[in-house]
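[1] what's the 3D shape of this:
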Amino acid sequence: MDSALEWHAAHAALSWQLEMGIDETLAEAPIDRFALEEAARAKAAAPVVAKAEAPAPVPPAPEVDAVAEARAMADAAGDLEALRAALAAYEHCELKKGARNLVFSDGVPGARVMIVGEAPGRDEDREGRPFVGRAGHLLDLMLATIGLSREENVYITNVLPWRPPQNRDPKPDEIAMMQPFLFRHIALAKPEVLVVVGNISCQALLGKRGITRLRGHWTEAQGLPALPMFHPAYLLRTPSAKRESWSDLLSLKARLG
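    Model prediction:
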């Protein structure tokens, strides 16, 4: 068969297939037309699910200036009771969460002598008063030798009103938060003389540490004469230092006239 006949034969075969309704070539794999129609109907009947919108970003909480808030609360206190209430309401010092009691003060408000200690210990935390226990008993004996007592003519407080865990030293940020309250405490108590007891107290009121070097030398804190002295707890551990403390007590007595 020549090429012309082959062409006419192929053309005739294709024309016959078109007349029979065959208008597509076969694929390599069978196609289930019934399944395609069923899938199309199921897709059309499926409910339209709205695309969930991403939640709006939560703005970060404003950063709190703990020292500025302490200063505002302290400055607003018009008397010692209001200052105690302000300290109790202050929430930015983590020491508060682990302490039993707020240790505010003891003694006679308005006394000529105001003693500023460091921080409450276990006994102070339990009783809610500064300088109790062995160290407090020693302080009372020391004051009695020069005619002073917390019952008559001495007012006592601490830099920190809450006990640090395990009696550790207060951290710088904890001291900074409590300084406005301490400064206001001194202003409201109106003493004539400050006795600054221990390194932490010197750091808070004098801006320096080194009690062995500082003790016995009169200086100034919050516009008042101030005398740094060893802490009674240190004297219990180091009895040999009691001689220097006796000298400091005599200096305090002379200052009071």
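
[2] what's the burial count for residue 241?
    Residues lying near residue 241 (other Cβ atoms under 10 Å) number 15. All C-beta spots, glycine's among them, are computed from the backbone N, C-alpha and C.

[3] show me the shaky parts of this structure.
    The chain contains residues with pLDDT under 70 at 1-5, 7-8, 14, 16-33, 36, 46-56, 58-62.

[4] report how many residues lie close to residue 208.
    Neighbourhood size, residue 208 [other Cβ under 10 Å]: 13.

[5] also residue 117?
    Neighbours of residue 117 under the rule other Cβ under 10 Å: 27.

[6] ok, it to residue 132 distance?
    Look at residue 117 and residue 132: by Cβ to Cβ, to the nearest Å, they are 11 Å apart.

[7] next: residue 230.
    Going from residue 230 to residue 132 by Cβ to Cβ gives 18 Å.

[8] which stretches in the stretch 51-200 of the chain count as helices?
    For the stretch 51-200 of the chain, helices defined by DSSP state H, counting those that start in this stretch occupy the ranges 66-76, 80-89, 95-98, 122-127, 133-144, 172-189, 199-206.

[9] only the buried residues of the fifth one, if you could.
    For helix 133-144, burial by neighbour count (16 or more other Cβ atoms under 10 Å) applies to 133, 135-136, 138-140, 142-143.

[10] show me which pair in the residues you listed is furthest apart.
    Taking Cβ to Cβ, the two most distant members of those are 133 and 143; they sit 15.7 Å apart.

[11] burial count for the nearest residue to residue 93 once chain neighbours are set aside?
    Nearest residue to residue 93 in three dimensions, chain neighbours excluded: residue 177, at 5.3 Å (Cβ to Cβ, 6 or more residues apart in numbering). Around residue 177 there are 22 other residues, counting by other Cβ under 10 Å.

[12] phi, psi of the residue nearest to residue 229 when sequence neighbours are not counted?
    Leaving aside its sequence neighbours, residue 229 sits nearest to residue 248 (Cβ to Cβ, 6+ apart; 4.8 Å). Backbone dihedrals for residue 248, given as degrees, to the nearest 10, come out at phi -70, psi -40.

[13] ok, now which ones touch residue 248?
    By Cβ atoms under 8 Å, 6 or more residues apart in numbering, the residues touching residue 248 are 215-216, 227, 229-230.

[14] kindly report the same for residue 201.
    Residue 201 makes contact with 116-118, 159, 228, according to Cβ under 8 Å, 6+ apart.

[15] one more pass at 7 Å, please.
    For residue 201, the contact set (Cβ atoms under 7 Å, 6 or more residues apart in numbering) comprises 116-118, 159.
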